[in-house]
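**Q** Coordinates for the following, if possible.
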Amino acid sequence: MSLFPPASCPRLIVKIGSALLVDESGGVRREWLAGIAADIAARAKAGQQVAVVSSGAIALGARRLGLPKGGRASLEDAQAAAATGQIALSQVWAEMLGAQGLTAAQILVTLDDLEDRRRYLNAAATLDRLLGLGVVPVLNENDSVATAEIRFGDNDRLAARVAQAAGAQGVVLLSDVDGLYDRNPALPGAVHIERVERIDAAIEGMADAGSASGMGSGGMVSKIAAARIANAAGAHLAIASGRTGHPLSMAARHTLFVAEKSAPARKAWLAGGLTARGTIHVDAGAAKALKGGASLLAAGATRVEGDFRRGDLVAICGLDGRTLARGLSEYDAPEAALLTGKRSGEHADILGYAPRTAMVHRNHMALL
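**A** Got it, this is the predicted structure:
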């Protein structure tokens, strides 16, 4: 039985890592890719809409340009390799899907495209229309213009964000690993984890940041981060081995991260945000209140970090430093700092004007 059968998963996002799509010499593994295209065609025939997040542009471009270290020796090399390789990547996808009677579409996005609310909604509308037309969107980060400061950095989290935008019920991260282990799988006695109901500190502690192939940019840390984003949006996520010929048509060994109850679209977008402009640290009482559905009041804040403005996305962290929630700040950072730890009755005197009811209102906040 395949992962995420069409009957229970009308929309599926499939992420393919560089190590699966590109061989060690920098060429496309065409036979393997043809198998994936056949799997997608079978799912489309069964009524499932599939979008692909495909790595490989930098690896393909580096070969064509003769760049060292797979095109990752410098940001400039990576951008040049991406610009060159993306043409080849889109061509091979169009060819392979076309051979199965499917139409491919290319969408290149940057981090800002999915972090800015208006641009996010535009991307979501485009995805919805393409999928509704029976097209297979093939997405990738626009590495030719992205910089170190404004990029996803890996396609795992991009796939999760795409799933959120597309309203998908499932995400498959096809990789050179077959899921999560309780320790580095290279170590003796490592145990494979088949199912994760909740991502907690213990699960995060099992992650190994390294990329096994040396070709990609994401390790297990990025995959767990992707699972958190997808699950918060109501999508199950599987990390599965792509080392078989038809990994979407069989039950490849995998780890399944089970989705939470789907959050409203706006709160799912907030929960998946990656570029918080600042951080508000809170005490134990505020952390408990947040979990109970309350807004963040200034009295429960202990410290403010960052240079944010009213309406910017901020992270809310507990005493242990873990992020409890993300939300939109009701104050600029300097004002928030002045109010930290102060009771509501003191706010008007401190600010010189009528204060707002909360630092971060519960209607503009998503718990993690």
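**Q** Which of the three states applies to the most centrally placed residue in the chain?
**A** The centroid of the chain falls nearest to R157 when counting by CA atoms, centre = their mean (2.0 Å). When classified by DSSP: H, G, I helix; E, B strand; the rest coil, R157 comes out as helix.
**Q** So it versus S222, what's the distance?
**A** Noted for R157: a distance of 6 Å to S222, by CB to CB, to the nearest Å. Bear in mind the C-beta positions are built from the backbone N, C-alpha and C, glycine included.
**Q** What strand or helix carries the residue lying closest to the residue nearest to the centre of the chain once chain neighbours are set aside?
**A** In this structure, R157 finds its nearest non-sequential neighbour in A226, 4.8 Å apart by CB to CB, 6 or more residues apart in numbering. Element membership for A226 (DSSP states H and E) is helix 220-232.
**Q** With A80 instead?
**A** Using DSSP H and E, A80 falls within helix 75-98.
**Q** How far does the very next helix or strand once past that helix sit from its chain's centre?
**A** Sequence order places strand 104-109 as the next helix or strand after helix 75-98, per DSSP H and E. Strand 104-109 has its C-alpha centroid displaced from the chain centroid by 17 Å (CA atoms, centre = their mean, to the nearest Å).
**Q** Can you show me the CA trace of strand 104-109 as CSV?
**A** Provided in CSV are the C-alpha atoms of strand 104-109 (Å, rounded to 0.1, in the frame of the first residue of the first chain):
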residue,chain,number,x,y,z
ALA,A,104,4.1,20.5,-15.6
ALA,A,105,4.3,24.1,-14.3
GLN,A,106,7.3,25.8,-12.8
ILE,A,107,6.9,28.0,-9.7
LEU,A,108,10.0,29.5,-8.1
VAL,A,109,9.6,31.2,-4.7
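**Q** What residues of that strand count as buried?
**A** A104, A105, Q106, I107, L108, V109 (16 or more other CB atoms under 10 Å).
**Q** can you check stretch 326-335 too?
**A** Going by neighbour count (16+ other CB under 10 Å), the buried part of stretch 326-335 is R326, G327, L328, S329, E330, Y331, D332, A333, E335.
**Q** cool, and stretch 219-233?
**A** 219-220, 222-233.
**Q** Got the domain ranges for the protein?
**A** Per the record, the chain has its domains at 6-265, 276-367, by automatic domain parsing.
**Q** Now find how far off-centre the longest one is within its chain.
**A** What separates the centre of domain 6-265 from the centre of its chain is 9 Å, taken as CA atoms, centre = their mean.
**Q** The chain should start at 17 in everything you say after this.
**A** Sure thing, new numbering starts at 17, so read that last one as domain 22-281.
**Q** same question for that domain, mean pLDDT?
**A** Across domain 22-281, the average pLDDT comes to 88.
**Q** now the shortest one
**A** Across domain 292-383, pLDDT averages out at 90.
**Q** between the buried residues of stretch 235-249, which is nearest L91?
**A** S238 (18.8 Å; CB to CB).
**Q** Now do the residue nearest to A217 when sequence neighbours are not counted against R378, distance only.
**A** Leaving aside its sequence neighbours, A217 sits nearest to R338 (CB to CB, 6+ apart; 7.4 Å). For R338, the distance to R378 equals 19 Å [CB to CB].
**Q** More neighbours: these two, which one.
**A** When neighbours are counted by other CB atoms under 10 Å, R338 and R378 differ, and R378 comes out ahead with 18 against 13.
**Q** what's that one in contact with, if anything?
**A** Going by CB atoms under 8 Å, 6 or more residues apart in numbering, R378 touches G309, A310, S311.
**Q** and with 6 Å instead?
**A** Contact analysis of R378 by CB atoms under 6 Å, 6 or more residues apart in numbering lists S311.
**Q** so how far is T142 from it?
**A** In terms of CB to CB, R378 sits 31 Å off from T142.
**Q** Check which element follows the helix holding A242 along the chain.
**A** In N-to-C order, the element after helix 236-248 by DSSP H and E is strand 252-257.
**Q** which stretches of the stretch 167-316 of the chain form helices?
**A** Under the criterion DSSP state H, counting those that start in this stretch, helices of the stretch 167-316 of the chain are mapped to 171-182, 217-221, 236-248, 281-287, 300-307.
**Q** Rebuild the ones you listed as CSV, extending it with distance to E40.
**A** Listed next are the helices of the stretch 167-316 of the chain as CSV, based on distance: least, CB to CB, whole Å:
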stretch, distance to E40
helix 171-182, 20
helix 217-221, 31
helix 236-248, 22
helix 281-287, 38
helix 300-307, 48
